[in-house]
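Student: model this:
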Amino acid sequence: MTTTDESEQAGTVIPLGEYADADFYPGYEPRLESRPFLAEPLAPFTRADEGRFWMRDSQHFAEGITPASMALLEDAQTWGTQYGAEIVGIPPTAGMVNRIAGVHVYLGQCPITSAWQMGTRADRFGAFAAPRLADFDTYWAGYRAELESAYAHFDALDVDAMDRTELHAALVDAIAFHRRAWGVHFEVMYLLAANYLALFGLATDLGLETGQIAQWLAGEETSYLRTDEELWRLAGRARELGVAEALTEPTVEGVRAALATQPNGPAWWAELEEFLAVWGQRTDETATLDRPSWAEHPATPLGTIREFLTRPEGHDFAAARREVLAERDRLVAAARAAIADEGDRARFDEVLASNRAANFVWWNEEHNFLIDRRIHLPLRRLTLAAADRLVADGRLGAREDVFFLFRHELLDELAGSGPPSWGELIAARRDYYDHWSARGGELPPVMGDVPDVIHDPIMTELFGLTPDYFATIKAQQAAATLSGFAASRGTVVGTARVVRAAQDIDQVRDGDILVCGGTTTEWTPVFGLVTGCVTDTGGTLCHTAIIAREYGIPCVVGTGVATSTISTGDRVRIDGDRGVVEVL
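Tutor: The predicted structure follows:
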């Protein structure tokens, strides 16, 4: 691996403006915990940050972040990435770090510029990576078992019987587990990303089409595709049991009431509850404490089933997978045939085999079910139990007030060392959140010094921060024709539906072309409805690219300006072979 100091790249500066040195949540006092960071901590923007590059992470945090979720973000994108980069020994990066504009999340790199440090990290990386890549299944199975054991422990806790002291102790344990899981997450992610880049580098050296690499690794089943299959099955069962009409009610409560009037309504709801017991331990956003899981409040699965009912033909998952596998094998055969030298072909086979055994394309979807969308649920359950005690004791006015306490404030309160009253401070924080959350559409997708290139494998391959992306951002102009990464083949013309947050995916209709900042796993079901997808961000291994290929729909990611150029109702053409999007 080679690198260039990010600061040496010729950049375009997008000023931080009012977001630098601005106010933050009233009463905010940063408190360093036991291990909040390795390279540098999460913080609000300051003027000094203008000399670095920052990307807004709207695909994970579209509506902003509350005080209670701030520590979750720090555990994940700040602590977790820095821990993972350090453990694995990725030479050019010490991980990532967050900055906050109002309540909105930005992400930047912690670059390593010392040649000596990069050399020692490269040596460490080789020693760390070799045995784990050689037996990735065993390596990942060990972590899976550790995480599942912890979930079983926290799920078994009788939180209703706990007093304040016991809740405090359990919360401390859940915090430790949350941080540990994010360390595991980014350790494995950096390892797999580096292995993937080895295949990318070899393909480049051999003159192969690098845009096809992710397709060489496609076709493995994931928990999220199995979740989609179950949702389609439940839609079919609603038709069979004659309760489809009841599911057109717009709220969970309305659906339950309508089902109660149908002879087979209770039976269908029982099937939904069986589904939620297996697949419902997930939320619609990452590191967000104030959003319920599907099992708590199944608005998202019900909304998805409601839309699936508009497609009586359903979706043939087996046929789609056969097509993906056939295309994968065809592309690999073509790549091998293009390699004239037998030794080069053997090297290609070896590196491809390593990437299939330690498959980043598969893992990048699969791990979300175990970590990203679930890891904060033990904390949420304990936090809400604490909130109920505090409401009963007159310390909080409402249960949801707890989401406007920072982590250390809740722990202090449970330990009996809170302030005389929280009322005025929580009201001020709610006002602050409402003000900045409403301004989310004003914030630029990037700020600071925009480079020509950045050297972090996660930021390039998942977020799509490639040289082409930076060139688009520097151009700073909307155009009728956009270019990006050709993520999934095919051409389609259709009507655009611009969706800015996961909470709004129920706006998507059958046949739409989805236009968004980027997608994560909670968006997966809508890919069974849309005919194409265009995003601002995303690279070869992003969720959007992987799922679009699995569903066989044209897709272009990493355009930089799709959501600011295309409006809902526009007619657009996607060319997924060339990576071009036209507004007609």
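
Student: can you list the domain ranges for this protein.
Tutor: 6-200+372-442, 479-583 (automatic domain parsing).

Student: nearest to Asn364, of those?
Tutor: domain 479-583 (5.5 Å; CB to CB). Quick note: C-beta positions are derived from backbone N, CA and C, even for glycine.

Student: pLDDT on that closest one, on average?
Tutor: Domain 479-583 shows a mean pLDDT of 89.

Student: chain center to that domain, what's the gap?
Tutor: With CA atoms, centre = their mean, to the nearest Å as the basis, domain 479-583 stands 16 Å off its chain's centre.

Student: and for stretch 349-365?
Tutor: On CA atoms, centre = their mean, the centre of stretch 349-365 falls 20 Å from that of its chain.

Student: and that stretch, what's its mean pLDDT?
Tutor: 95.

Student: need the residues that contact it.
Tutor: If you take CB atoms under 8 Å, 6 or more residues apart in numbering as the criterion, stretch 349-365 is touched by 132-133, 136-137, 140, 188-189, 191-193, 195-196, 198-199, 202, 214, 216-218, 220, 222-225, 332, 336, 462, 521, 541, 543, 546-547.

Student: on that earlier part again, out of the domains of the chain, indicate the one that is most buried.
Tutor: Scoring those by mean neighbour count under mean count of other CB atoms under 10 Å gives domain 479-583 as the most buried, with a mean of 22.

Student: so which helix or strand of this protein has the lowest pLDDT on average?
Tutor: strand 12-14 (a mean of 75; mean pLDDT, DSSP states H and E).

Student: sheet partners, orientation included, of that one?
Tutor: Strands that pair with strand 12-14, judged by DSSP bridges, come out as strand 446-450 (antiparallel).

Student: next secondary structure after the partner strand?
Tutor: Using DSSP states H and E, the helix or strand that follows strand 446-450 towards the C-terminus is helix 457-461.

Student: so who does the residue nearest to Lys474 when sequence neighbours are not counted touch?
Tutor: Nearest residue to Lys474, sequence neighbours excluded (CB to CB, 6 or more residues apart in numbering): Thr12, at 4.5 Å. With contact taken as CB under 8 Å, 6+ apart, Thr12 is in contact with 449-450, 473-474, 476.

Student: could you export the residues you listed as TSV, including pLDDT?
Tutor: Formatted as TSV, the contacts of Thr12 follow (pLDDT from 0 to 100):
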residue	pLDDT
Asp449	91
Val450	89
Ile473	78
Lys474	78
Gln476	58
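
Student: hey, which helix is longest across this structure?
Tutor: Ranked by residue count, the top helix of the chain under DSSP state H comes out as helix 164-205.

Student: how distant is the helix or strand following that one from the center of its chain?
Tutor: Next helix or strand after helix 164-205 toward the C-terminus (DSSP H and E): helix 213-216. Taking CA atoms, centre = their mean, one finds the center of helix 213-216 at 21 Å from the center of the full chain.

Student: which residues sit against helix 213-216?
Tutor: Under CB under 8 Å, 6+ apart, the answer for helix 213-216 is 196, 199-200, 203, 327-328, 331-332, 335, 352, 355, 361, 540-541, 545-546, 549.

Student: and it, what's its mean pLDDT?
Tutor: pLDDT averaged over helix 213-216 gives 92.

Student: cool, and stretch 94-114?
Tutor: Rounded mean pLDDT across stretch 94-114 is 93.

Student: end to end on it, go ahead and measure it.
Tutor: Across stretch 94-114, the terminal residues are separated by 12 Å (CA to CA, to the nearest Å).
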